[in-house]
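# Turn this into a structure:
(2 chains)
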Amino acid sequence: MKKTKLNGNSVLLLITIILFFVMYLGGCIVYGSKGFAHMQTFLNILINNAGLICVASGMTCVMLTGGIDISVGSLVAVDCMLLAVGIEHWGMNSSVLMVLILVIGLVFGLAQGYCVAYLKIQPFIVTMAGMFFARGMTAVLCTDQVSIVSDPLFTKLSSTKISIPFGGYVNKKGIYQVPYIRASVLVALLIVVLIFLMLRYTRFGRSLYAVGGNQQSATLMGLNVKSVTMRAYVLNSFLTSIGGICYCLNTMCGTTQQAAGMEMDAISSSVIGGTLLTGGVGNVIGSLFGVLINGTISSLVKTNGKLISSWANIITALLLCFFIVLQAVFAKIKEAKKA
Amino acid sequence: MDSNIALTMRGICMTFPGVKALDNVDFTLRKGEIRALMGENGAGKSTLIKCLTGVNKFEAGEIHVDGIEGPIVNKDTMDAQNKGISTVYQEVNLCPNLSVAENLYIGREPLTKIKTVDRRKMNQMAAQLMKDLDLDIEVTQNLENYSLALQQMIAIARAVDMKSKVLILDEPTSSLDDKEVEMLFKMMRSLREQGVGIVFVTHFLEQVYEVCDGITVLRNGTLVGEYTVEELPRVKLVAAMMGKDFDDLASIKPEGSGDMADAPLEIEAKGLSHAGKIKPFNLDIHKGEVVGLTGLLGSGRSELARTIYGADRAQTGTLKVGGKEAKIKNPIDAMNLGMGLLPDDRKAEGIIGDLSVRENIILAMQAKAGIFKRIPMAKQIEIADQYIEMLSIKTATRETLIKQLSGGNQQKAILARWLATNPDFLILDEPTRGIDIGTKTEIQKLVIKLAQEGKSLIFISSEIEEMLRTCNRMAVLRDGSKVGEISAEEMSQEGVMKAIAGGGASE
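Residues are numbered from 1 along each chain as shown, chains lettered A, B, ... in the order given. Predicted coordinates:
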């Protein structure tokens, strides 16, 4: 007897995906003349948000345990600044710096995870401290804007276009434009796939859901809740560091106010993608689409040209409300069914 | 150890600060036996179970379990589980957001060669297990899609699959309906066939006689006795739990109290119910009458009262207050109809510890008036002083924080809170629990005085004597339904106990 009933959570995911396509197709129809329909527009959304996709993937893992991490934006900033200062001021090799950044991510996550899991401090407070610390360290490294120009490897990584053999178009001058993505997009998508598999097919992945579902039950069923929780934060900070590198490949500079508010983008993407703040429910594919929806919104606002960029925030806010209400409605339906 | 024995506990002692929670308690469980662990609240049932499963540390005594040499001491529930002792709680301890199969196998999933979870194999194993236990459950569905009863059975299935020799079911039936209970019993019986020893903790007497082989009774942390079901008919079980011998009970005569059937009706409840807590009931209360609700703890006494009061919203039935149909959606509605409820758990539902005695007394009045119509301070002081004096509440000043008062005085302050709203109908749920004998008598006297003033009251108490002294009439509850009434003439300790137990003494 094989029947797959859609439960409320997969419906939410479906709605997210459908919404993305509706929004995007709508954009294509309305702004088709302004070039929105070209595949490159979509690829640009991926390129611009590669870092955010990595960060949101990690955020989803943390949120699955019922936690939250608001330090990620600052961590991305410190990563960018470290790369910029390391390359331009200290003359370091970018590959060494990237490894260093990943190690910093692990240590940062370990410290935050330990406080949350073993010392039982509210994740909001712990990661808020992390947020201030990382943002502060960014300024300690350098208070000016530092552009990255002198590292050949990093510049190459940033500028290399990976061509896609279809979906091109001929521009006004009659030149065929080959659609392309950048290395950071490959990294981001690889992370999404890996995290998807991890969440679905490994003990650790399933434990994240169990911990978020009911911590006491998870303990009684013999799971090491503390260890699982801590590892979620470590994973998140690690993915954030990768995201930081991807982000830096786009901006090619370090500033103190870089990636401000990125933590909120990551959280809102996860929520729009169907992750519950209370934990236990969510999917990294949803978060990917959450990022894409956010990206599409800003892209639409930009293409319109007349609207100020704040409209993107307002639309995102409305969407968030819509999804949260939707989640609440589904939860109500579920409860009503039980009674 | 006898090869037929699954578990023995000998001379278990355990103290909480200031209280001897368990005093030299023995417990024996045979293989393939379902044994009820009975006792009133505070008798030590949970403490004994917790000592067994490693949640509490016991100070003296020995635990032996089949298949393990020497006495065992469990560090925690996991440790107990590894030794073959599993517990299924009333609150299902599974993850609602995971599939049934995952809940059965999480932490011990079958793995593939590359160490990932083999979901297909896990689902097959789970499906087989469900089939073996005769449960019609789609294992790939999320746990939350199934009823509480099925969730509980899945929890039991998990315990069974972990080769448990001793299965503890802690109040598993509290939130199940009749059909679900029957399903659970079927499963328990089939496990009994397989030689699993089951400890069944419950408040429901009928269920004990339906499914159990033996009964162990605790009272005040001591063992009353270990019996077979045949040895201990219902009335004797109730007596054993309450600690009163039959002769003792018969010798206490209730004080005369009049029949109020001629007085006008204050409350007429017809077919009120609240799903899962209280089945439809009818109850009439006359003006100036004190109606007692009796029954064992968990029989639905408080729930009945809460349903009338609207604290649990009635889902069926009608309620007339003072002859007029009333729609009570929440306690504020009830208060505006002149009702008051003194809840049984005064710490959780009654007092607000960080407010002063005056503020606690004024609270219900203020709520009734609405938050925007502040009662003038002078009036507040006047009312507070009046009740502090009337009920002789022992407090340093009227502005003392109520948490600094003794339990009895806190109770009086809450009583004052309701009296201040001048209710026509007052529900007192365990108003005398945990307070000294002198204050108890005062409160009993006050109840009678209120009735004489023409107020109607519901009085709930675990102490039958106290009920006999104060009530005009009693309603008997069992397993969440009202099963009968005892009129003034029939009221006696023996009559009440028989009514609580259900059926005759010979049963």
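
# Give me the contacts around the helix or strand containing residue A:102.
Using DSSP states H and E, residue A:102 sits within helix A:94-117. Helix A:94-117 is contacted from outside by A:67, A:69, A:71, A:75, A:78-79, A:82-83, A:86-87, A:121-123, A:126-127, A:130, A:134, A:151, A:153-154, A:225-227, A:229-242, A:244-245, using Cβ atoms under 8 Å, 6 or more residues apart in numbering or on different chains. Yep, even glycine has a C-beta here, placed from its N, CA and C like the rest.

# Mark which of the residues you listed are part of helices, please.
A:75, A:78-79, A:82-83, A:86-87, A:123, A:126-127, A:130, A:134, A:153-154, A:225-227, A:229-242, A:244-245 (DSSP state H).

# Could you list the low-confidence segments of the stretch 1-150 of chain B?
Applying pLDDT under 70 to the stretch 1-150 of chain B flags residues B:1-2, B:17-18, B:41-42.

# Just the closest residue of it to chain A, please.
Residue nearest to chain A within the stretch 1-150 of chain B: residue B:95 (3.4 Å; Cβ to the nearest Cβ).

# what about the nearest residue to residue B:121 once chain neighbours are set aside, neighbour count?
In this structure, residue B:121 finds its nearest non-sequential neighbour in residue B:110, 4.5 Å apart by Cβ to Cβ, 6 or more residues apart in numbering or on different chains. The number of residues packed near residue B:110 is 14, by other Cβ atoms under 10 Å in any protein chain shown.

# Check whether residue B:311 really touches residue B:339, as I assumed.
No - assessed by Cβ atoms under 8 Å, residue B:311 is found out of contact with residue B:339, at 10.4 Å.

# Next secondary structure after the lowest-mean-pLDDT helix or strand in chain B?
Ranked by mean pLDDT, DSSP states H and E, the weakest helix or strand in chain B is helix B:246-251, scoring a mean of 39. Downstream of helix B:246-251, the first helix or strand assigned by DSSP H and E is strand B:265-274.

# Chain B contacts on the stretch 151-300 of chain A?
Where the stretch 151-300 of chain A comes near chain B, counting by Cβ under 8 Å from any Cβ of the partner chain, the residues are A:197, A:200-203, A:206-207, A:209-210, A:212-214, A:216-218, A:220-223, A:280-281.

# check which helix or strand covers the nearest residue to residue A:183 once chain neighbours are set aside.
Spatial nearest neighbour of residue A:183, excluding adjacent residues (Cβ to Cβ, 6+ apart): residue A:157 at 5.4 Å. Assigned by DSSP H and E, residue A:157 belongs to helix A:152-159.

# name the helices or strands packed onto that helix?
With contacts taken as 3 or more Cβ pairs under 8 Å, 6 or more residues apart in numbering or on different chains; DSSP states H and E, helix A:152-159 sits against helix A:94-117, helix A:225-251.

# Can you tell me the number of residues neighbouring residue B:24?
14.

# show me the contacts for it.
Per Cβ under 8 Å, 6+ apart, neighbours of residue B:24: B:11-13, B:61, B:222-223.

# ChimeraX command to pick out the buried ones of those?
Selecting only the buried entries of the contacts of residue B:24 in ChimeraX, with 16 or more other Cβ atoms under 10 Å in any protein chain shown as the criterion:
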select /B:12,13,61,222,223
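
# Please give me every residue in contact with the closest residue to chain B within the stretch 101-250 of chain A.
Nearest residue of the stretch 101-250 of chain A to chain B, counting by Cβ to the nearest Cβ: residue A:213, 3.4 Å away. Counting by Cβ under 8 Å, 6+ apart, residue A:213 touches A:279-280, B:95-98.

# Thank you, goodbye.
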